[in-house]
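Visitor: Any chance you could fold what I've pasted below:
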Amino acid sequence: MAAQSEGNSSVRICQVSYESGYCGFNVTKSKWDPYPWVSSVDSNSPAAAAGVLPGDCLLEVNGEDMLGLRIADVGARVRARSDRATLMLWNSGVDPQCTSEVNILYQQNSSIAHTTPT
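Guide: Take a look at the predicted model:
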């Protein structure tokens, strides 16, 4: 699957084929996040080849909803099959290098800056 363009919100399916349980991406989640999100993707990894991007929200793994699961449980589901994982991902187009609080401020300021006075 081709990587999406920056700033473009989309839901997509990625097939990550791997050997020996190595997918090449890390997920994280704060206590406020209902879903885990991709914090990093290793260069030249199966995840990178499949189009997984930092900042992607991991909605489903192999058809199973990831809502509320602990990171260890998410990892176990990604590695449940011996050769591949099917990921449903969503990316809002925000900068993955920013913290959630910074992205919220940026989005609020952007909408204010682009508002036309009446």
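Visitor: Next, find the distance separating the residue nearest the centre of the chain from residue 19.
Guide: Centroid-nearest residue in the chain, with Cα atoms, centre = their mean: residue 56, separated by 1.8 Å. Per Cβ to Cβ, to the nearest Å, residue 56 is found 22 Å from residue 19. (Each C-beta comes from the backbone N, C-alpha and C, glycine too.)
Visitor: How about residues contacting the strand or helix carrying residue 48?
Guide: Taking DSSP states H and E as the criterion, residue 48 maps to helix 46-50. Helix 46-50 is contacted by residues 1, 14-18, 22-25, 41-42, 87 when judged by Cβ atoms under 8 Å, 6 or more residues apart in numbering.
Visitor: what about 6 Å?
Guide: 14-18, 23-25, 41 (Cβ atoms under 6 Å, 6 or more residues apart in numbering).
Visitor: Quick check: pLDDT value at residue 96.
Guide: Looking at residue 96, its pLDDT reads 54.
Visitor: related to what we said a few turns ago, the contacts of helix 46-50 in strands, which ones?
Guide: Members of the contacts of helix 46-50 lying in strands (criterion: DSSP state E): 14-17, 25, 41.
Visitor: For those, give me CSV that also has pLDDT.
Guide: Formatted as CSV, the ones in strands among the contacts of helix 46-50 follow (pLDDT from 0 to 100):
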residue, pLDDT
14, 96
15, 96
16, 96
17, 94
25, 96
41, 96
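Visitor: out of those residues, who's nearest residue 82?
Guide: residue 17 (10.8 Å; Cβ to Cβ).
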